[in-house]
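**Q** Fold the following for me, if possible:
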Amino acid sequence: MKTSALIAVALALAVSACASLAPSDDPRHVVRGPLPARVQHPFSLTMLAMVPRRPVVEGQGEIGATLTSAYTSIFEEHQSSTQNVQFDGELWRNSARLRFGMGDGVDLETDIAFLYASGGFLDHFISQVHDFLNFPNQGRETVEDNQFDMRMQSGGDTLYELESNKFGLQDVPLIATFGEATELPGHWNRALRVGVELPWGSESQGFGNGGMDYGVGFCAERSYGRTTHHVAGNAVFPTRPDNFVGTGVHVEDLYELVYGFEYRWSDTISWIAQIDALSPMITDIQFDEINSPIVDIGVGFFRDLDRSSRVFMSFHDDIVAETGPDFTVLIGWTTGT
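**A** Residues are numbered from 1 along each chain as shown. Predicted coordinates for the structure are as follows:
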């Protein structure tokens, strides 16, 4: 584990949280977060994700939108005589998330996303950064830079394989959020979320898992002066892909906790620090490269363009450094609640 990084982030969040305990009448009360980020592991991208959001829902007849572009580098490699895990490459995921206000404190959310995978260009840069920060390189130095290989195998069966140099539509979620119609100052605002994911992405090409996933979760937030605390918890029950049947390998139910701390630095800018902890996706393969939890740390900012829209940018890394991606940059634009 990247212990020094974990301690530093934990201390920073603790200090920030303590500084925000007393409510105030700060006029700059515009909640911009949380970061609409998800874990960018290629296999997790085939499953339903309840992307962080505010518990305040869109009004009846209103439409909110979030456009994101995430670029990720990952290197996880381990093999034995019977099992093989290879996740070496870079991912570019572009999505359009739409929220439709249904009235009575309910909105319906969907996400249309396309994924592109390649050998990329970041390997040398990431190795240098890891060396400078004394972070583990996970064996990047043992292979040639900018190669592509994304697959899992067990007992001679290919469980998962992602095609390279091809844009592919991913599975499409439908998520209903039952929340607050308007923000309640001085209180915890809360929402319940339930969702399914429709199998529109190609399972054979690695863009989907071939079946419907189901999920339930909650999100909540409370503001204190210039700060807001965002929290969320989700449980996702994914389909077992056809390639897994008869192999003795199962896809685990996923449990996720998210915490985000937002500081409104000015009338137009908020800084965000966010932690996303995801339980292991697979435990029947005895390699840390696939059977470990992922703890994604993200730091970034939002900047208002006008009263109803803003842009954002963030950087992410898995501090456990065993299963998750090594580096992700996320940029986007959002409007609505």
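**Q** Is the nearest residue to G332 once chain neighbours are set aside part of a helix or strand, or is it coil?
**A** Of all residues not flanking G332 in the chain, T68 sits nearest, at 3.9 Å (C-beta to C-beta, 6 or more residues apart in numbering). Heads up, the C-betas are built off the backbone N, CA and C, glycines and all. Assigned with DSSP: H, G, I helix; E, B strand; the rest coil, T68 falls in the strand class.
**Q** Also T72?
**A** Here T72 is recorded as strand under three-state DSSP.
**Q** Likewise for the one 4 residues further on?
**A** Of the three states, E76 takes strand according to three-state DSSP.
**Q** beta partners of it?
**A** With DSSP bridges applied, E76 shows beta-bridge pairing to F87.
**Q** dump the residue contacts of it.
**A** Going by C-beta atoms under 8 Å, 6 or more residues apart in numbering, E76 touches V85, Q86, F87, D88, Q138, E289, I290, E322, T323.
**Q** how close does the last one sit to H41?
**A** Using C-beta to C-beta, to the nearest Å, one gets 7 Å for the distance from T323 to H41.
**Q** between these two, what contacts are shared?
**A** Between them, T323 and H41 share the contacting residues M281, I294, judged by C-beta under 8 Å, 6+ apart.
**Q** Could you check which of the two is surrounded by more residues?
**A** More crowded of T323 and H41, by other C-beta atoms under 10 Å: T323, with 27 against 23.
**Q** Relative to M212, how far out is that one?
**A** Distance from T323 to M212, by C-beta to C-beta: 25 Å.
**Q** Then G201?
**A** Counting by C-beta to C-beta, the gap from G201 to M212 is 12 Å.
**Q** Compare those two (neighbour count), which wins?
**A** Neighbours of G201 and M212, each counted by other C-beta under 10 Å, are more numerous for G201; the result is 22 against 14.
**Q** For that one, which residues are in contact?
**A** G201 makes contacts with T46, G168, L169, Q170, D171, V172, F207, G208, N209, as judged by C-beta under 8 Å, 6+ apart.
**Q** repeat that for 6 Å
**A** L169, Q170, D171, F207, G208 (C-beta atoms under 6 Å, 6 or more residues apart in numbering).
**Q** before we move on, which element is it in?
**A** For G201, there is no enclosing helix or strand under DSSP states H and E.
**Q** Leaving out chain neighbours, which residue sits closest to it?
**A** Leaving aside its sequence neighbours, G201 sits nearest to G208 (C-beta to C-beta, 6+ apart; 2.7 Å).
**Q** Just read off the phi/psi values of D288.
**A** Backbone torsions of D288, given as degrees, to the nearest 10, read phi -60, psi -20.
**Q** where along this structure do the helices fall?
**A** Here the chain has its helices, by DSSP state H, at 3-19, 123-133, 288-291.
**Q** least reliable of those helices going by mean pLDDT?
**A** Between the helices of the chain, the one with the least mean pLDDT is helix 3-19; it has a mean of 44.
**Q** Tell me which residue lies nearest the centroid of this protein.
**A** R38 (1.0 Å; C-alpha atoms, centre = their mean).
**Q** sorry, back to before: got the contact list for the residue nearest to G201?
**A** T46, D171, P199, G201.
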